[in-house]
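Trainee: Let me see the structure of the following:
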Amino acid sequence: MAANFKFSESPHDSHLWKRSGQRAYLESGWCGRESNVWLLHKKSTQQAMLLSPLKTINKFFEPTEMNADSFFARWKNLSGDQQRAQKVFKAQQPLDLPGARNKLTGFGMQLLDNVDPNPDNMVCAGIIHTQTQQVGCLLRLEPNKQAQMFRLTIRASKESVTRQICELLTDQF
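Mentor: I've put the predicted structure just below:
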């Protein structure tokens, strides 16, 4: 289910989003550094809530199923510096691979089993749907059990999405 949400490339534009009696104003650009959304609920009294689109981006993901050949063909096509982001980081908790799989699934992407030659590695695919564009995203999470570390690689067709998703997910593991 794709939301009817308008995103702006300009940080000075504001747009209105209506869904289920709610209104949201996008205060700055698409997955920009400090994007804010105000949700106003229609009730006897109006309530406002500030959300970060980056923390709710999973609501706009469509999980995408694909086989290993399709995944790695798309992975290679998204190889430009602007299309990839990578971080190596220490796990915040003891390495829990089933827990990491659950977090990735909860994020909204499709976890693709039997795609990576290393069975511990996790790969995912998804499409972020907006009213004006679709952004394809691929993810690879490589755990190192001995060092208690992860290497997270994100590849996407839009640079800001690549960097922001990498930053957001790094904090989850």
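
Trainee: For this structure, which segments count as strands?
Mentor: Using DSSP state E, the strands of the chain run over residues 15-19, 22-26, 37-41, 47-51, 61-63, 84-90, 110-112, 122-129, 134-144, 149-156.

Trainee: same for the last one, what does it pack against?
Mentor: If I follow you right, that is strand 149-156. When contacts are defined as 3 or more CB pairs under 8 Å, 6 or more residues apart in numbering; DSSP states H and E, strand 149-156 sits against strand 84-90, strand 134-144, helix 159-170. C-betas here are computed from N, CA, C, even on glycine.

Trainee: Is it possible to get those out as a markdown table so that each row also shows mean neighbour count?
Mentor: A markdown table is the format used below for these (neighbours: other CB atoms under 10 Å):
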| stretch | mean neighbour count |
| --- | --- |
| strand 84-90 | 14 |
| strand 134-144 | 20 |
| helix 159-170 | 19 |
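
Trainee: These: lowest mean pLDDT?
Mentor: Looking over the helices and strands packed on strand 149-156, mean pLDDT reaches its minimum on helix 159-170, with a mean of 87.

Trainee: for that one, packing partners?
Mentor: strand 84-90, strand 134-144, strand 149-156.

Trainee: tell me the angle that helix makes with strand 149-156.
Mentor: Interaxial angle, helix 159-170 versus strand 149-156 (axes from the mean of the first three to the mean of the last three CA atoms, to 10 degrees): 160 degrees.

Trainee: Could you give the number of residues near Thr132?
Mentor: By other CB atoms under 10 Å, 11 other residues sit near Thr132.

Trainee: That one and Leu168: what is the separation?
Mentor: Going from Thr132 to Leu168 by CB to CB, to the nearest Å gives 21 Å.

Trainee: which regions of this protein sit below the pLDDT cut-off?
Mentor: The model of the chain has pLDDT under 70 over residues 1-56.

Trainee: Per the annotation, how does it divide into domains?
Mentor: When the chain is parsed with automatic domain parsing, its domains come out as 15-53, 59-170.

Trainee: winner for burial among those?
Mentor: domain 59-170 (a mean of 16; mean count of other CB atoms under 10 Å).

Trainee: ends of it, how far apart?
Mentor: 19 Å (CA to CA, to the nearest Å).
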